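Engineer: Generate a structure from the sequence data that follows.
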Amino acid sequence: MSEPERALIINADELGYDPAVTRGILRAMHEGIVSSATLMVNTPYSEAAAHEARGLPIGLHFNLARGFPVWAAFPGELLQGGLLSEPLAPHLTPDVVEAEALAQLERLDVLLGQPATHVDVHEHLHQYPGVFAGLVRAARVLRLPVRSTSPPMRHALRAHGVRTNDHFLGEAGAEAYWTLERLERHLATLPGEGVTELMCHPGYKPEAVRSRYARQREVELATFLHPRAHMALTRLGVRPTDFRVLTRPGLAPSPSPDSPR
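Structural biologist: Predicted structure coming up:
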């Protein structure tokens, strides 16, 4: 069986980042068109977020940029004051990343009472070779899809036998990325085949955590709740799904390094 002709995953990052962000993401999933989310498991708000998200399609938002590590043996010299640090991410070894990824995935299982649908990475830190290699190992152990953000990353994941999306849309900068107009424009030109992930950051303005992406989240939340967003999907005849579309029984596996080309 081949991959679906066309599938769209609308994934909200950073569930558990902040209570207000969590409330917004869950509203976008229950009332809007967001169809998937990823949970941060090492914040003070992770447990409450997981409790509210039980039963929903949730992956791991693998976090190596902030907070305490989950793996008890995480090397202290690779931490900043005992905390994970984004500037230190390029120096992480594959062994350390694999162990931390497996620990975070195990914690997600415990918090949610269900396994992760997939993995993506906070701040896209799997652009660094050591992080990428360690994450690939963990993903292969648990047979989980991993988000790819570019064609070279997509090719590299598939070369290691890891399933991933075919196309990727989304960004988070100084301005709110997903305005209603931009969403309608991208949906109207959605690729005709393959699995497209649309990454988004809806939510209410963080109330407990300082974030560069604050009021922008409320713009995105309004976008994904808007009746026009629902209508755009109806016109396309597309119903958003989640990363389990890549792991359904009978789905052809991604090519492995030893597969004939």
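Engineer: where in the stretch 1-150 of the chain is pLDDT low?
Structural biologist: Flagging of the stretch 1-150 of the chain using pLDDT under 70 yields the residue ranges 1-4.
Engineer: Okay, helices next: where are they in it?
Structural biologist: Secondary structure of the stretch 1-150 of the chain (DSSP state H, counting those that start in this stretch): helices at 19-30, 46-53, 94-112, 129-142.
Engineer: State the distance from L15 to T93.
Structural biologist: 28 Å (CB to CB, to the nearest Å). Quick note: C-beta positions are derived from backbone N, CA and C, even for glycine.
Engineer: Just name the most buried of the helices of the stretch 1-150 of the chain.
Structural biologist: Greatest average neighbour count among the helices of the stretch 1-150 of the chain goes to helix 19-30 (a mean of 23), per mean count of other CB atoms under 10 Å.
Engineer: For L142, give me its contacts.
Structural biologist: Contacts of L142 were listed using CB atoms under 8 Å, 6 or more residues apart in numbering, and they are 102, 105, 115-116.
Engineer: Return the distance of it relative to F74.
Structural biologist: 19 Å.
Engineer: Looking at L15 and T93, which is more packed in?
Structural biologist: Taking other CB atoms under 10 Å, L15 and T93 do not tie; L15 has more neighbours (29 against 14).
Engineer: and the more buried one, bridged to which residues?
Structural biologist: L39 (DSSP bridges).
Engineer: how near is the closest residue to G113 other than its chain neighbours to R140?
Structural biologist: What sits nearest to G113 in space, not counting adjacent residues and going by CB to CB, 6 or more residues apart in numbering, is R54, at 5.9 Å. Taking CB to CB as the measure, R54 falls 27 Å from R140.
Engineer: Also V119?
Structural biologist: V119 is 11 Å from R140, by CB to CB.
Engineer: In stretch 184-197, which of the residues would be classed as buried?
Structural biologist: For stretch 184-197, the neighbour count (16 or more other CB atoms under 10 Å) marks 184, 187, 190, 195-197 as buried.
Engineer: which two from these end up farthest apart in space?
Structural biologist: E184 and V195 (20.7 Å; CB to CB).
Engineer: Compute the first-to-last residue distance for stretch 33-41.
Structural biologist: 24 Å (CA to CA, to the nearest Å).
Engineer: And for stretch 219-234?
Structural biologist: 22 Å.
Engineer: Now do that stretch: distance to the chain's middle.
Structural biologist: Its chain's C-alpha centre and that of stretch 219-234 lie 20 Å apart, by CA atoms, centre = their mean, to the nearest Å.
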